[in-house]
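Novice: A structural model of the following input is requested.
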Amino acid sequence: MPTSTQSFPRTRPRRNRVDGWTRRLMAENRLSVDDLIWPVFAVDGENQRQPIASMPGVERLSLDLLVPAVAQARDLGIPCVALFPVLPLDRKDPEGREAGNPDNLMCRAIRAIKREVPDIGILGDVALDPYTSHGHDGIVKDGYVLNEETVEALVRQALVQAEAGCDIVAPSDMMDGRIGAIRDALEGGGHSLTCICAYAAKYASAFYGPFREAVQTGGLLKGDKKTYQMDAANSDEALREVALDIAEGADMVMVKPGMPYLDIIRRVKDEFRVPTFAYHVSGEYAMLRAASANGWLNYDAALLETLLGFKRAGTDAVLTYGAVDAAKLLRERS
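Specialist: A predicted model of the protein is given here:
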């Protein structure tokens, strides 16, 4: 990169920062509501609004309350929601068979949203952990998550979601070969326009704790997920994972978590130039909320700064539990 031959006082970088209008003119990156995806949690029943203690401001909602909440997000300009189901224990089993039920909670939620709010996108989580009695993302035998058997189950899950009207199926399991298998099944099933967002670089992270509380899997999980989710020490491996998923038919790729992995986001975007998403995960969101509750930072300012950081790193969209908050703040600024 060329360097300036001028020096102070001829060059004063602060001149470009003196006024609000100059700062706006010089801004290299911009955050807009178009960059936001809002994760939401669905539960069975009616008039169910269940606060999640570790994620202030986030609730599990029954479909009669979830659909109006999604409509509000649409009205704020948010283009897409990410949908996660919360199942009771009696609907879980070791194989996660409920995931392939075409009338499961996830599919009913997709149909309800598409019926009432057809002009918002739905990204559907494809993984078995909300459905398994052991909390893992796949079928377990002798303490190991089986790959091919799990992929077969994921294909069934993706197909029922696509048939329900899901716009983007998003495998978050990190099994090998699942993107190609799902892409083939979607093509063969008449769903050639259904997108796949691959959680291509998903790390085994300490930042997922509040999410596991939200979907009520944390108390079920035995051991960890390090045999299938990525090692936090690895960066080159992420590029290999992303390359494989793109080759198998992914339309967009995800890096998860977000803030501790901004370097991965940047490398992925520079290397592949494909739509690249980041997940501002539950632990990251919870830290902002907790610090704000203690008076240690300003939640609104910190949220927007965090999301702008994702944009600067190269993301095209960010999944964040603060999407509605951010959309309202951006509207106030416009």
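
Novice: Where does pLDDT dip in this structure?
Specialist: 1-4 (pLDDT under 70).

Novice: ranges for the strands of it?
Specialist: Using DSSP state E, the strands found in the chain span residues 36-43, 49-51, 59-62, 80-85, 121-126, 140-141, 144-145, 168-171, 195-202, 252-256, 276-280, 317-320.

Novice: so which of the ones you listed is the most packed in?
Specialist: Highest mean neighbour count among those (mean count of other CB atoms under 10 Å): strand 276-280, with a mean of 28. Every C-beta, even on glycine, is put in place using the N, C-alpha and C of the backbone.

Novice: Provide a list of residues in contact with Pro56.
Specialist: 286, 289-290, 293 (CB atoms under 8 Å, 6 or more residues apart in numbering).

Novice: Now, of the residues you listed, which are buried?
Specialist: Buried members of the contacts of Pro56, counted by 16 or more other CB atoms under 10 Å: 286, 289.

Novice: Tell me which entries of the contacts of Pro56 lie within helices.
Specialist: The helices, defined by DSSP state H, take in 286, 289-290, 293 from the contacts of Pro56.

Novice: if we can go back for a sec, same list (the strands of the chain) but as JSON lines, adding distance to Glu213.
Specialist: Shown next, in JSON lines, are the strands of the chain (distance: least, CB to CB, whole Å):
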{"stretch": "strand 36-43", "distance to Glu213": "11"}
{"stretch": "strand 49-51", "distance to Glu213": "11"}
{"stretch": "strand 59-62", "distance to Glu213": "10"}
{"stretch": "strand 80-85", "distance to Glu213": "12"}
{"stretch": "strand 121-126", "distance to Glu213": "16"}
{"stretch": "strand 140-141", "distance to Glu213": "21"}
{"stretch": "strand 144-145", "distance to Glu213": "22"}
{"stretch": "strand 168-171", "distance to Glu213": "21"}
{"stretch": "strand 195-202", "distance to Glu213": "19"}
{"stretch": "strand 252-256", "distance to Glu213": "17"}
{"stretch": "strand 276-280", "distance to Glu213": "17"}
{"stretch": "strand 317-320", "distance to Glu213": "18"}
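
Novice: Number of residues surrounding the nearest residue to Gly100 once chain neighbours are set aside?
Specialist: Spatially, and ignoring its direct neighbours in sequence, Gly100 is nearest to Arg156 (3.7 Å; CB to CB, 6 or more residues apart in numbering). As a burial measure, Arg156 scores 17 neighbours (other CB atoms under 10 Å).

Novice: ok, Arg156 to Leu63 distance?
Specialist: Arg156 is 22 Å from Leu63, where distance means CB to CB, to the nearest Å.

Novice: list the contacts for Ala112?
Specialist: Per CB under 8 Å, 6+ apart, neighbours of Ala112: 63, 66-67.

Novice: surely Asp93 meets Ser133?
Specialist: Yes: counting by CB atoms under 8 Å, Asp93 does reach Ser133; the two are 5.6 Å apart.

Novice: Neighbour count for the two, which is higher?
Specialist: Ser133 (16 against 13).

Novice: give me every residue that touches that one.
Specialist: 89, 92-94, 220.

Novice: got the phi/psi numbers for it?
Specialist: phi -80, psi -10 (degrees, to the nearest 10).

Novice: I'd like to know how far it sits from Lys311.
Specialist: In terms of CB to CB, Ser133 sits 40 Å off from Lys311.

Novice: ditto for Gly180
Specialist: 30 Å.

Novice: coming back round to it: I'd like to know which of the strands of the chain is closest to Tyr228.
Specialist: strand 144-145 (5.6 Å; CB to CB).

Novice: That closest one: partners in the sheet, and parallel or antiparallel?
Specialist: strand 140-141 (antiparallel) (DSSP bridges).

Novice: who touches the partner strand?
Specialist: Applying CB under 8 Å, 6+ apart, the contact partners of strand 140-141 are 94, 132, 134, 146.

Novice: quick one: the second one and Ile196, what's the gap?
Specialist: Right, the one you point to is Thr132. 22 Å.

Novice: Repeat that for the third one.
Specialist: With the distance defined as CB to CB, His134 ends up 26 Å from Ile196.

Novice: And for Ile139?
Specialist: With CB to CB as the criterion, Ile139 and Ile196 are 21 Å apart.

Novice: ok, back up a step: got the contacts of Pro56 as JSON lines, with distance to Lys225 columns?
Specialist: Formatted as JSON lines, the contacts of Pro56 follow (distance: CB to CB, whole Å):
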{"residue": "Ala286", "distance to Lys225": "19"}
{"residue": "Arg289", "distance to Lys225": "25"}
{"residue": "Ala290", "distance to Lys225": "24"}
{"residue": "Ala293", "distance to Lys225": "29"}
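
Novice: Can you tell me which of the contacts of Pro56 is nearest Gln72?
Specialist: Taking the contacts of Pro56 together and measuring to Gln72 by CB to CB, the closest member is Arg289, at 20.0 Å.

Novice: Nearest residue to the closest one in space, please, no chain neighbours.
Specialist: Per CB to CB, 6+ apart, closest to Arg289 is Pro56, 4.6 Å.
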